[in-house]
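[1] Structure of the sequence below:
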Amino acid sequence: MTAARDFGADAAGRGRAPVTIELSYRSDASLLVSYATQLVKGQLTVHTPGPLRSGTPVALRLGAPASAISLSGVVASSRADSGGRPQLAAMDISLTSPPDALGEAVDRLAFEFHGITALVAASQAAPRAHLMRYLRAIINCRFVELDQKKLSEAGAISNVDLALVDLDSSGAVGYELYAQLRQHPEAGTAPVLALAQAERDRLRAASLGFDEALSNPPAFGELQTAILHSLAKPSRVLIHA
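    Prediction:
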């Protein structure tokens, strides 16, 4: 993510050229989830190293491997990031594009969406089955299952859109799996969620860079919110004055 300045604007953004914000999504599925959770409501939250003032007009460029969407909006508010990342600001953008501006692009995304590929890592069949049951109720997906023996096998990791790692059953190997995922040429930018009973393990996972660290077993609502939020995040945000 590139650094951003606090570009000025008056309360209504009058007399200002739009600031261009480019959002890159790692997959078309990620962009579709972003639409379903935010854009369909006429809004978008963007996390940046520096805020734009309320009222600043923006031109949004949303890109994914097979999609490119252009929208217009205005900054509604800026605040400190709520995810414990003080170096980032969260900007709420209200879309000003016509309601049908997304229509054709979203129709195509939805028609071509055949689900995501999710990796579920746990050393026991029962927790894997529990997580897979929850995932099926949240989003259409295919599964890559890893148990304790396969976790450390060379070539065990393939390209995935999301990973859930049960740290209680996988132990230290779960942390090794996370490191391998981040180094993977294709899966390296996929969201990785940690599940752990002990708070110290969740804190460790958060400090290492896991996208979310949840209780184990997670409540369905907690897992649903974390998965949709993680999938909807762009992998890169660039701001151009």
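
[2] Nearest spatial neighbour of residue 28, chain-adjacent residues omitted?
    Excluding the flanking residues, the one nearest residue 28 by CB to CB, 6 or more residues apart in numbering is residue 64, at 4.6 Å. To be clear about C-beta, it is placed using only N, CA and C from the backbone, and glycine gets the same treatment.

[3] So what's the residue count around the one you found?
    The number of residues packed near residue 64 is 22, by other CB atoms under 10 Å.

[4] Could you give the bridge partners of it?
    Beta-bridge pairing of residue 64, defined through DSSP bridges, involves residue 67.

[5] Please enumerate the strands of this structure.
    19-24, 43-48, 57-64, 67-80, 89-95, 116-121, 141-146, 162-166, 192-195, 212-214, 236-240 (DSSP state E).

[6] Rebuild those strands as TSV, extending it with mean pLDDT and distance to residue 36.
    Rendered in TSV, the data for the strands of the chain read as follows (pLDDT from 0 to 100; distance: least, CB to CB, whole Å):
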stretch	mean pLDDT	distance to residue 36
strand 19-24	95	16
strand 43-48	90	12
strand 57-64	95	14
strand 67-80	90	14
strand 89-95	92	15
strand 116-121	92	13
strand 141-146	87	15
strand 162-166	94	15
strand 192-195	96	19
strand 212-214	96	19
strand 236-240	90	20
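
[7] okay if I get those strands as JSON lines plus distance to residue 32?
    Output for the strands of the chain, formatted as JSON lines (distance: least, CB to CB, whole Å):
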{"stretch": "strand 19-24", "distance to residue 32": "14"}
{"stretch": "strand 43-48", "distance to residue 32": "14"}
{"stretch": "strand 57-64", "distance to residue 32": "9"}
{"stretch": "strand 67-80", "distance to residue 32": "9"}
{"stretch": "strand 89-95", "distance to residue 32": "17"}
{"stretch": "strand 116-121", "distance to residue 32": "10"}
{"stretch": "strand 141-146", "distance to residue 32": "13"}
{"stretch": "strand 162-166", "distance to residue 32": "14"}
{"stretch": "strand 192-195", "distance to residue 32": "19"}
{"stretch": "strand 212-214", "distance to residue 32": "20"}
{"stretch": "strand 236-240", "distance to residue 32": "18"}
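
[8] ok, the residue nearest to residue 28 - contacts?
    The neighbours of residue 64, taking CB atoms under 8 Å, 6 or more residues apart in numbering as the test, are 24-28, 30-31.

[9] Most neighbours among the residues you listed, please name it.
    Of all those, residue 31 has the most neighbours under the rule other CB under 10 Å, reaching 28 neighbours.

[10] Just to check, residue 114 is in contact with residue 139?
    No. Shown here, residue 114 and residue 139 do not form a contact pair, counting by CB atoms under 8 Å, at 11.5 Å.

[11] okay, the two: which has more neighbours?
    Under the criterion of other CB under 10 Å, the comparison of residue 114 against residue 139 puts residue 139 first, with 20 against 9.
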